[in-house]
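Student: would you be able to build a 3D model of this:
(6 chains)
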Protein chains: 6
Amino acid sequence: MVKVTFLKIGYIGATNLIDALLDERASRRDLSVRVVSSGCKMEEDEALDAAKIAASIPSDLYIVVSPNAGLPGPTAAREILIETGKPMIVVSDEPTRRIAEKLEEQGLGYIVLYADSMIGARRGFLDPVEMALFNSDIIRVLAVTGVLRLIHTEIDQVLSQLGKGEEPRLPKVMVRKEEALEHSGLGNPYAHARAMASFEAARRVAALSTEGTFRVKERDRYLPIVAAAHELMRQAALMSDEAREMEKINDSVRRVVHFRSGALRQKTKLLEEFE
Amino acid sequence: MVKVTFLKIGYIGATNLIDALLDERASRRDLSVRVVSSGCKMEEDEALDAAKIAASIPSDLYIVVSPNAGLPGPTAAREILIETGKPMIVVSDEPTRRIAEKLEEQGLGYIVLYADSMIGARRGFLDPVEMALFNSDIIRVLAVTGVLRLIHTEIDQVLSQLGKGEEPRLPKVMVRKEEALEHSGLGNPYAHARAMASFEAARRVAALSTEGTFRVKERDRYLPIVAAAHELMRQAALMSDEAREMEKINDSVRRVVHFRSGALRQKTKLLEEFE
Amino acid sequence: MVKVTFLKIGYIGATNLIDALLDERASRRDLSVRVVSSGCKMEEDEALDAAKIAASIPSDLYIVVSPNAGLPGPTAAREILIETGKPMIVVSDEPTRRIAEKLEEQGLGYIVLYADSMIGARRGFLDPVEMALFNSDIIRVLAVTGVLRLIHTEIDQVLSQLGKGEEPRLPKVMVRKEEALEHSGLGNPYAHARAMASFEAARRVAALSTEGTFRVKERDRYLPIVAAAHELMRQAALMSDEAREMEKINDSVRRVVHFRSGALRQKTKLLEEFE
Amino acid sequence: MVKVTFLKIGYIGATNLIDALLDERASRRDLSVRVVSSGCKMEEDEALDAAKIAASIPSDLYIVVSPNAGLPGPTAAREILIETGKPMIVVSDEPTRRIAEKLEEQGLGYIVLYADSMIGARRGFLDPVEMALFNSDIIRVLAVTGVLRLIHTEIDQVLSQLGKGEEPRLPKVMVRKEEALEHSGLGNPYAHARAMASFEAARRVAALSTEGTFRVKERDRYLPIVAAAHELMRQAALMSDEAREMEKINDSVRRVVHFRSGALRQKTKLLEEFE
Amino acid sequence: MVKVTFLKIGYIGATNLIDALLDERASRRDLSVRVVSSGCKMEEDEALDAAKIAASIPSDLYIVVSPNAGLPGPTAAREILIETGKPMIVVSDEPTRRIAEKLEEQGLGYIVLYADSMIGARRGFLDPVEMALFNSDIIRVLAVTGVLRLIHTEIDQVLSQLGKGEEPRLPKVMVRKEEALEHSGLGNPYAHARAMASFEAARRVAALSTEGTFRVKERDRYLPIVAAAHELMRQAALMSDEAREMEKINDSVRRVVHFRSGALRQKTKLLEEFE
Amino acid sequence: MVKVTFLKIGYIGATNLIDALLDERASRRDLSVRVVSSGCKMEEDEALDAAKIAASIPSDLYIVVSPNAGLPGPTAAREILIETGKPMIVVSDEPTRRIAEKLEEQGLGYIVLYADSMIGARRGFLDPVEMALFNSDIIRVLAVTGVLRLIHTEIDQVLSQLGKGEEPRLPKVMVRKEEALEHSGLGNPYAHARAMASFEAARRVAALSTEGTFRVKERDRYLPIVAAAHELMRQAALMSDEAREMEKINDSVRRVVHFRSGALRQKTKLLEEFE
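Tutor: Below you'll find the predicted structure:
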């Protein structure tokens, strides 16, 4: 039984459900999962406190999920967990590529998600409902374009190594459009292309969100920009949905599930048996 | 500063983001949030272990989120937390209505979500990607139909009471279509009606999921039923999306946000100031 | 030449076109059809009067179509027709399941349509145009989900038996989701699942319609509920449309037509010959 | 109490529901409706027989609905009903305009529906399900573009005159795009234009249907043409649906309903009272 | 190297891009293209002046594109070009069929485009943005329904003959629905039918445009008619888009490209090589 | 009467219709337009030859439209036209920003279109039909997001100055998202945001097109990337379409038309008079 503890500091799209990806049917006998989170906040004190709770949980692997892993809060949290001596994987968004080298030097794994764009963080626009819808959209994009499959596949490999008592080889992956799509299982070339377009649209959201949130100061300019960011993410989600619909029509949705043993098995026709 | 700890045992739609609803911009000075979760698993041992971690975190309020709160795992978890003597709110799905009275006797609050239907839990159909898409859909339904607004409004009231040192009045709410829609902020009567239809469709999913998961044994019968459950949830999400689009066209999307003080303020025209 | 007389008392979705299903190209040499109807009204006097006209038409088979066949009007009408001594089939909506046993005892056949939900019968909402649109939607659902195919197949069998001078075996069918879909001819499993979801959504409409029409008294509560019922039926129709579109894309729409002799022959590729 | 008897010979789109338009809630105390039909068949013998049944029903007004009222069947049926000396209105499709003058000479009213296009009557394409879908589409077009409103308004006026014991002024109306749209109640100019486009598309279907059914002999040529006719009708229905959706978003759907007295009253905001 | 000069007088849909169709990748070594145009104007003086410029350009083939080639402007322009003694092809819209015989007598080729309907030329409705959108729509219809493929295939044959020094056989083609669709490469029969419906809808636009522009004088009548014309063209474009989407889902989009030599080669699976 | 000559070298989206924007109804008495083009080719010899024809046409203003105005062909063409001593405006796509300063030094005006992205120029993907569809999409984006309105407004100002015999002030505009949207006339803030998202998606296409066309060499990698570029442009067009539809529903489409005098007048309600 491998014990994994997720530490979540603030929110990116992948914060949702990342722990659920490993055992979506709650049936694995080889895995136990714990999650500790500081909610939306990611300042240093909040992050440290959450990290200490996580550090106190007996774990074979830590996975730290946060926006921009280079910020003080996540950085401080990692330092607490490093002291446990356990392997650690950082899952974060595009700005984290700037510290990838440093993470590597520290012996940490990382999965950097280029399409997991920042929400438009302007009070005038955002509210809990809008925030939830943005997350709904981004989950869809991450699911269809292969990002979630890539994440759980990478983690599954580490779990398997830990399960066998091996030294784990931690993932060092920049999840750009081609890395993601390779895991999407989309067989129709137009579905594949549409999902890639969805990925790129979702990635482009970050440019708008950061411009609207940090760089433009006039209210009547930043509100349209932030609104455009969310419109673009919604559209990215719809494109991903369409890509999957195309596969449904061909009865070629690739499905990969965890069996009780933790093994992954797949099928593509809905009514056939798993391989 | 009020301290809230969420204990999440297994997954319902509201498990995602429920903690984020309270402080979507990470700016509240009156609130600190912790989350502890056992991932997808909800057997008694997993639930107990997670509950103990949660119980060890100094908290003014516990919120326990799980499917069917009457199952042994969530029940055991509540017992651990009851020992802390802190107020507790149970957030769960429709089957929990069967224990509402008992929760009330124990002095616990509850928010029972009728539209938060169970996923179709058949291996032949479900995989991490499908699971994520189902959650994406249900988040959309909960967001647009008023469920998420109701949840954070109810919790916000308790937080406010706790912040003033008052004895909190814990919510006792069955979130059926009318209770939800009242919080949706949908002003156009057809948008309102479409969202209500979306709510009912989402609620209907549970009947199909449980039939396909538990009652039908033949593989060639339960697969179509479970697939229909997911198709219906996807459609419910699309209806909710349409309802919101109708409001956008009228520039009448009601937005309610938390200010730094924790106060809620609202507006409906995108470019106007908050009241 | 078999003579069939339809007696229509009030309206359900299947009231439209049910006689046309048997001879859609007006080419059958083995069949003559008459229809008598009392329009929308179904009180006892109207029903009796129409039934007497029907009884006066020389017929080999009577088919009585009405909402809730247990109401006084349809019941009185059946009694008139029973006196003719001719075989009779009752086609009606879900509430009719409550008298199925009684119909059986009387030697009558029945086809009870679970998805043929009642319209939202509130003056504040309904008008002739809205009513026509509701019927348009329900016809689509009945057509795609297999209900209309099941109806004409069942009746065709009786006609064939009558044509051969045999004692007819009258249908006794509850048309729930699986019975209907079996006749849908939908080959793609996702199209099949979507149509099943459409069926369930359509069936759910009845719960909303009856709540809004009979149980809720406050105008500002029942109008949204009735409006939601109609929104849900519109969406069910769109889902059915999508299911058929999926089959079109695969050129796998199953077509079954009556030849002049009354025989049914089928094909699935649009440009191929009938088997 | 005015007694109206509908005689239906064969099928056009308006055959469906035309009697229901007059009393959509079955609540009028001033009206009694009977319908007699020969199903899909419209040869002379079938038409005559049905007409005789209709003639035997005591009626204040006859309304005869059929395709091409100039064909022998409908013509023979009218002659039977003329002998009753009762007023008569012919409701039929575009080819009937060729006999309008003659109907007028006979003292008959007429309502000629230009958008009620013939179905593509080729066995290779048509089956009961396809036929039902075509009717579903055409009902939608007739409902939204104002045709059904025009029909019941014209008949309602005659009923009112008959109710007062006046000599009725029978309608003599060619329902082209402008006549129809005037009754559509569509207030948004783009919704109005879209519905007009829908009307024209629906009308265009007849050209394709008749070409594919009667003029082109080669199977591999007529099948695509007939299929195109049905595709065009489906699209016309979708355009009509969109036009109505536009009005919903503005909460400006005009509703006109029959009160118990038979009087028509209207409203446009869903939640307001009738005028 | 064959030299082709296009003379464009006023605008039809095919005016856009017709020269680009011949060498879409600017890679042909056997072809040089020049275009001269008088913009939107097509009066005699403007047309003559543009024609003189075109006549002064050394050319092996002239292609004259204009609305209604029977109008004085295009007619005058042709006369100038006839004097060059070079072969000429007229590409124009449906009214040009009235002079087809005359063009033939003059030894000119022609391609008459029945779906290239006139825009609704009423100031109250049209502006540069609306005009551009109408053109965007019509380009889509011409592209998907096979019209553009037919045009370049016909011209390519002439170019090939000129390239070999042969006497060119100039095209004499009326591009009605069947002629167009034959070149569409649409393999799915429903995509084919939908595109044919799109073609017919687009063609129908001309009837509305000319009625609204020339025949109806009252502003409150012609504006809806012209608006309906544009709505119908937009819908025709959407239907064409859907037809192509159907082929994408089957990975059966036929592609035909010019190689450097000017030869045409094709493929249908996106990722396969050209034949 | 001002004489404008357009020289078009190769194709960008704005190449289509740019001359038509100035006189969409062919009614201006103050303007005469000529166009000369080299078709798709833009090498130096083709460009020079076309430029010489343009230079020989008496003109008050030259407008040169091409991709990347810094390439040798367009550069050589400008040099020919500079010799005429007439004012010149360069209209081109984003790469042209690199020579904006140089154009300014030469006294030339420029309008640089950031959303007018390069097509995916890979033979394996592009054919005349695909090329036309890409152009259809980009025209839609340029039309709705304000780019075409900005172009003609800028040119109209120069025409007006030339008409009065003034020294023209040539435009120097980088058309980024905010510059474009300012001219879009979109009043609904969500329509505005959606159009901005459409603009950004369209702009992003260039990154994919150039990567797929120039930087990636492996066929199985560049085909999906180029296909994704086209999928993204199609989606951008659909988003623009939706933005305009939102305004239609509010009857708030701003229309600006040229009157005979060349003056621009506007209105927003479809049925009202121009201001």
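Student: list the buried ones in stretch A:255-268?
Tutor: Going by neighbour count (16 or more other CB atoms under 10 Å in any protein chain shown), the buried part of stretch A:255-268 is A:R255, A:V256, A:V257, A:H258, A:G262, A:L264, A:K267, A:T268. From N, CA and C alone the C-beta is placed, and that goes for glycine too.
Student: stretch A:177-194 now?
Tutor: So, applying 16+ other CB under 10 Å, buried residues of stretch A:177-194: A:177, A:179-181, A:183-186, A:188-194.
Student: around chain C, pick out the residues from chain A.
Tutor: Contacts of chain A with chain C, taken as CB under 8 Å from any CB of the partner chain, map to A:K248, A:I249, A:N250, A:D251, A:V253, A:K269, A:L270, A:L271.
Student: please indicate which of the residues you listed are buried?
Tutor: A:K248, A:I249, A:N250, A:D251, A:V253, A:L270.
Student: surely the fourth one touches C:N188?
Tutor: This means A:D251. Yes - look at A:D251 against C:N188 with CB atoms under 8 Å: they come within range, at 5.9 Å.
Student: please enumerate the strands of chain A.
Tutor: A:2-8, A:31-37, A:61-65, A:88-93, A:109-113, A:172-175, A:255-258, A:264-267 (DSSP state E).
Student: from chain D, how far off is A:L223?
Tutor: 23 Å (CB to the nearest CB, to the nearest Å).
Student: oh, I was asking about A:S92
Tutor: Applying CB to the nearest CB to A:S92 and chain D gives a distance of 40 Å.
Student: what's near enough to touch the nearest residue to that residue once chain neighbours are set aside?
Tutor: Computed as CB to CB, 6 or more residues apart in numbering or on different chains, the closest residue to A:S92 that is not its neighbour in sequence is A:A69, at 4.1 Å. Neighbouring residues of A:A69 by CB atoms under 8 Å, 6 or more residues apart in numbering or on different chains: A:T75, A:R78, A:V90, A:S92, A:T96, A:I99, A:L103, A:Y110.
Student: still on that earlier bit, now render the residues of chain A next to chain C as a markdown table, adding pLDDT.
Tutor: Below are the residues of chain A next to chain C laid out as a markdown table (pLDDT from 0 to 100):
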| residue | pLDDT |
| --- | --- |
| A:K248 | 98 |
| A:I249 | 98 |
| A:N250 | 98 |
| A:D251 | 98 |
| A:V253 | 97 |
| A:K269 | 96 |
| A:L270 | 95 |
| A:L271 | 93 |
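Student: from those, which two are the most distant?
Tutor: Within these, A:I249 and A:L271 form the most distant pair, 15.2 Å apart (CB to CB).
Student: now the stretch 1-150 of chain A against chain C: closest residue?
Tutor: The nearest approach of the stretch 1-150 of chain A to chain C comes at A:V144, 15.0 Å away (CB to the nearest CB).
Student: go ahead and confirm that residue touches A:E242.
Tutor: No - with contact defined as CB under 8 Å, A:V144 does not count as touching A:E242 (9.2 Å).
Student: for these two, work out which one has more neighbours and name it.
Tutor: More neighbours surround A:V144 than the other of A:V144 and A:E242, with 34 against 19 (other CB atoms under 10 Å in any protein chain shown).
Student: OK, contacts around that one?
Tutor: Per CB under 8 Å, 6+ apart, neighbours of A:V144: A:S184, A:L186, A:A195, A:S198, A:S240, A:D241, A:A243, A:R244, B:V129, B:L133.
Student: the last one and chain F: what is the separation?
Tutor: Which is B:L133. 20 Å.
Student: equivalent analysis for the second one, please.
Tutor: From A:L186 over to chain F the distance is 10 Å, taken as CB to the nearest CB.
Student: from the contact counts, what lies against the lengthiest helix in chain A?
Tutor: Identified as the longest helix of chain A according to DSSP state H is helix A:219-249. When contacts are defined as 3 or more CB pairs under 8 Å, 6 or more residues apart in numbering or on different chains; DSSP states H and E, helix A:219-249 sits against helix A:128-144, helix A:189-210, helix C:189-210, helix C:219-249, helix E:219-249, helix F:177-182, helix F:189-210, helix F:219-249.
Student: turn the ones you listed into a markdown table, including distance to D:E275.
Tutor: What follows is these, written out as a markdown table (distance: least, CB to CB, whole Å):
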| stretch | distance to D:E275 |
| --- | --- |
| helix A:128-144 | 37 |
| helix A:189-210 | 48 |
| helix C:189-210 | 26 |
| helix C:219-249 | 16 |
| helix E:219-249 | 25 |
| helix F:177-182 | 43 |
| helix F:189-210 | 33 |
| helix F:219-249 | 25 |
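Student: looking at the ones you listed, which is closest to A:C40?
Tutor: helix A:128-144 (9.0 Å).
Student: for that closest one, C-alpha coordinates in PDB please.
Tutor: In PDB, the C-alpha atoms belonging to helix A:128-144 read as follows (Å, rounded to 0.1, in the frame of the first residue of the first chain):
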ATOM      1  CA  PRO A 128     -17.800  32.400  -6.600                       C
ATOM      2  CA  VAL A 129     -20.200  31.300  -9.400                       C
ATOM      3  CA  GLU A 130     -18.000  32.700 -12.200                       C
ATOM      4  CA  MET A 131     -15.000  31.200 -10.600                       C
ATOM      5  CA  ALA A 132     -16.700  27.800 -10.500                       C
ATOM      6  CA  LEU A 133     -17.600  28.100 -14.200                       C
ATOM      7  CA  PHE A 134     -14.100  29.000 -15.100                       C
ATOM      8  CA  ASN A 135     -12.900  25.800 -13.300                       C
ATOM      9  CA  SER A 136     -15.600  23.700 -15.000                       C
ATOM     10  CA  ASP A 137     -14.300  24.900 -18.300                       C
ATOM     11  CA  ILE A 138     -10.600  24.300 -17.500                       C
ATOM     12  CA  ILE A 139     -11.300  20.900 -16.200                       C
ATOM     13  CA  ARG A 140     -12.900  20.000 -19.500                       C
ATOM     14  CA  VAL A 141      -9.900  21.300 -21.500                       C
ATOM     15  CA  LEU A 142      -7.500  19.400 -19.300                       C
ATOM     16  CA  ALA A 143      -9.500  16.300 -19.500                       C
ATOM     17  CA  VAL A 144     -10.000  16.200 -23.300                       C
END
